[in-house]
Structure formats: structure tokens, C-alpha cells
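Chemist: Make a model of this:
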Amino acid sequence: MLTEALAVLAANGGAALVAAMATDAWQAARNGTARLFGRQGSQRQAAIEAQLDGNIVLVERASDPAQARHGLAPLWQMELIRLLEEHPEAEAELRELVTHIRDALPAAQQQWTQVVMTNIARDNSRLFAALGGNVIYHEYPSSTAGGEHPSPPSGAAVDSSD
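Modeler: Predicted coordinates:
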């Protein structure tokens, strides 16, 4: 199982990779990523290169490239997690690649390169979080012990015609 630090590295790696798509940093990001996956053999490296080539077409043709990147980032995070599970020695090379990509990115794309989210809920609290998405939560009032519903908030209209 991967440590939390390596999982964060994989998330940052996936984010940096998709951030580079359709930028001047793309070729270096593509080549570095393909080289990383070369550890799994030449066929796997060729498959990753084909996947990268297809993904950049999606970003380039998207009416909203940011949305396309959002969709691709988790895919690359999972690919990198798998790589790190099979080849933990790739950690240093991945860290170096993420730094290289981040440094080569235009300022507008650099926001993509840090994916760190820490959420802590304690003592019967509730926590709702989304990274790059929405949280929609509905809570309905619970009944009181006697089966009655709690009083509406002050100022609320109450129908007493029962």
C-alpha cells in the first residue's frame, strides 16, 4: 500500500501533467512521463505515449480545456499510483519531473500543480469537501422524542388551520 506522501506525489504528478497539456511545457512533460513508465517495459511505455497523445487532443479540442483537465487529472493520478506501487524507486524521478513541469508552466497553469487537501472532522462534527467539484447537502429536521416536529424558525409562516 502507498504511503500518504506518495499518494500526494501521484496526485501532484497527475495535476502537473494535465496542466502541461496544450502548453509549451507539454513535450517535456510527455517525454518525462513516458520515460517513467518505461520501467514497466517498452510496450507499457508505448501504451502510455499513445494515451498521452490522445489526452492532449481532448484538451486541445475541448470547448473548456480546464474541464477536460479536471477529468483527466484523476486518471493520471491513478496511473502514477500504480507505477509507484510497482516501482517505488521511481519516487525521486517523479518528484523531479513534477518540479520541472511546474517550473516550465505558464503562470495561469501553475495553479494546477498543487493538489493537497486536508480535512479533519472531530467530536460529532460533519465535514463536506470537494476538490474541483460541488457538494450539495440536504438535511431534513428530525422528529422530537414525542413524534412532533420542531418549531419552525422565528418569522416563518405557520399554518394553524388543523
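
Chemist: which secondary structure elements does the helix or strand containing G71 contact?
Modeler: G71 is part of helix 65-86, with elements assigned from DSSP states H and E. Applying 3 or more C-beta pairs under 8 Å, 6 or more residues apart in numbering; DSSP states H and E, we find helix 65-86 packed against helix 4-20, helix 26-37, helix 42-61, helix 91-104. C-beta: built from backbone N, CA, C; applies to glycine.

Chemist: any chance of those in TSV, with mean pLDDT too?
Modeler: Converted to TSV, the helices and strands packed on helix 65-86 look like this (pLDDT from 0 to 100):
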stretch	mean pLDDT
helix 4-20	91
helix 26-37	96
helix 42-61	97
helix 91-104	94
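
Chemist: in the helix holding G71, what's buried?
Modeler: By neighbour count with 16 or more other C-beta atoms under 10 Å, helix 65-86 contains the buried residues 65-66, 68-70, 72-74, 76-77, 79-81, 83-84.

Chemist: Distance check, the nearest residue to H87 once chain neighbours are set aside against R126.
Modeler: Excluding the flanking residues, the one nearest H87 by C-beta to C-beta, 6 or more residues apart in numbering is R39, at 4.7 Å. Distance, R39 to R126, by C-beta to C-beta, to the nearest Å: 42 Å.

Chemist: the more surrounded of the two?
Modeler: Each of R39 and R126 has its neighbours counted (other C-beta atoms under 10 Å); R39 has more, 14 against 7.

Chemist: Now do the contacts for the more buried one.
Modeler: By C-beta atoms under 8 Å, 6 or more residues apart in numbering, R39 lies in contact with L83, E86, H87, A90.

Chemist: Next: Q40.
Modeler: Q40 touches L83, E86, H87, counting by C-beta under 8 Å, 6+ apart.

Chemist: Could you double-check that L17 sits in contact with A29?
Modeler: Yes: L17 lies in contact with A29 (C-beta atoms under 8 Å); the separation is 5.6 Å.

Chemist: Please enumerate the shared neighbours of those two.
Modeler: Common neighbours of L17 and A29, using C-beta under 8 Å, 6+ apart, are I101.
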